[in-house]
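Novice: this is the structure alone, sequence omitted:
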């Protein structure tokens, strides 16, 4: 815990617990950690829908107030597209910004915050946070989990040419310049902010932590292996969101190349808008199985059933995001096979803890899997390196300390 007076923080962000993966667990975890350290936090958030793009069962599409682990939470209704194409995603984000505005205004008046903190995604809601900060006369802190505009270009959700692309780029630039402090989750993403003209003094690296590290340390994946018929097999696991930017087709095609290896199995565990299409693509592969996203209490068992973790990304996305799941993969003491260009942030993160291959190269992925399957000593060395890296760089306490120190410095 760092020194300094208790602060009042207005948090505005689309994703929040109980979403099990992605941004939600970290937004909620940061808010709850700050409350535990004596600060007050009011959170204006969306309805939980991620990663399956459906409203979670026990929630209703309306404003809903609650007290959650010390955080005052207001959940706002918004449009949730079943098939989140580019235009539908924009409508999704705009609907949250619209419904968040009255809730944020009420929270600002009730809390009288010292700081307004907002998360991108959803950058479209950043003007709401900026207005709250201006009205209260306090700093605005923008935390960038993904560079949404760049990721939309990289994944084909948004055409790089034309008026919409120009407007999106100008909007991103305006929102970045409106913030008094901008944090993001990797060193390359910090560098990208400075290349966009943000002074280094306003940029902070603030990682997502390995949020299942303790559970992983005590977990045993043997039960899931038995249940899923994986005993005695070398398991290559992808777990998480199944959407455009992951480029999961490379996993399917690598499995096709290794279909003759009855001792190697591929498991994709997750939800998302591309799952049905990928299952159709994988039809008939005897070494491939799809499993639902596991409940949080099973995450440790899921991650430890793997012999190797797969981290595919489309070309051009490797420095626009740093998947939060990577810290948990490292904590599981298993090697990682990542698709990324040399020198990118993901490639540097995985160095010594796994194998980096070119994006979209299913032959290279199949070759890397076979190489690790044949070399248990190499797997153990890489896994141990990853576990040490998780402890050094992905610790929740250290990351919250860093946020709190920067907040106190910003507020004076």
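Specialist: Looks like it arrived, so ask away. All figures in this text were calculated on a predicted structure; none of them were measured in a lab. Numbering: from 1, shown residues only.
Novice: helix or strand with the lowest mean pLDDT in this protein?
Specialist: helix 148-155 (a mean of 79; mean pLDDT, DSSP states H and E).
Novice: relative to the whole chain's centre, how far out is that one?
Specialist: 15 Å (CA atoms, centre = their mean, to the nearest Å).
Novice: do the same with stretch 227-239
Specialist: With CA atoms, centre = their mean as the basis, the mean position of stretch 227-239 lies at 24 Å from the chain mean.
Novice: again with stretch 190-197
Specialist: With CA atoms, centre = their mean, you get 20 Å for stretch 190-197.
Novice: quick one: buried residues of that stretch?
Specialist: Residues of stretch 190-197 classed as buried: 190, 191, 192, 193, 196 (neighbour count, 16 or more other CB atoms under 10 Å). Heads up, the C-betas are built off the backbone N, CA and C, glycines and all.
Novice: confirm the third one sits in a strand?
Specialist: No: note on residue 192: no strand contains this position according to DSSP: H, G, I helix; E, B strand; the rest coil, which reports helix.
Novice: which pLDDT value goes with it?
Specialist: Note on residue 192: pLDDT of 93.
Novice: still on that earlier bit, give me the contacts around the following helix or strand past the least confident helix or strand of the chain.
Specialist: Using DSSP states H and E, the helix or strand that follows helix 148-155 in sequence is helix 163-178. Under the criterion CB atoms under 8 Å, 6 or more residues apart in numbering, residues 120, 123, 126-127, 130, 140, 142, 147-149, 152-153, 158-159, 182, 193, 196-198 lie in contact with helix 163-178.
Novice: can you select the buried ones among the residues you listed for me in ChimeraX?
Specialist: Here is the ChimeraX command that selects the buried residues among the contacts of helix 163-178 (16+ other CB under 10 Å):
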select :120,123,126,127,130,140,142,147,148,149,152,153,158,182,193,196,198
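Novice: okay, now the sheet partners of the stretch of helix or strand residue 73 belongs to, with direction.
Specialist: Taking DSSP H and E as the criterion, residue 73 maps to strand 71-76. Its sheet considered, strand 71-76 pairs with strand 40-46 (parallel), strand 64-68 (antiparallel) by DSSP bridges.
Novice: pretty sure residue 382 contacts residue 333?
Specialist: No: checked against CB atoms under 8 Å, the pair residue 382 and residue 333 is beyond contact range at 9.0 Å.
Novice: find the nearest non-adjacent residue to residue 32, please.
Specialist: residue 69 (4.5 Å; CB to CB, 6 or more residues apart in numbering).
Novice: with residue 246 instead?
Specialist: Nearest to residue 246 is residue 312, by CB to CB, 6+ apart, at 5.5 Å.
Novice: give me the neighbour count for the one you found.
Specialist: Other residues within reach of residue 312, judged by other CB atoms under 10 Å, total 24.
Novice: backbone phi and psi for it, please?
Specialist: The phi/psi pair for residue 312 (degrees, to the nearest 10) reads phi -80, psi 150.
Novice: so who does it touch?
Specialist: Going by CB under 8 Å, 6+ apart, the list of residues near residue 312 reads 238, 246, 247, 248, 250, 251, 338, 339, 359, 365.
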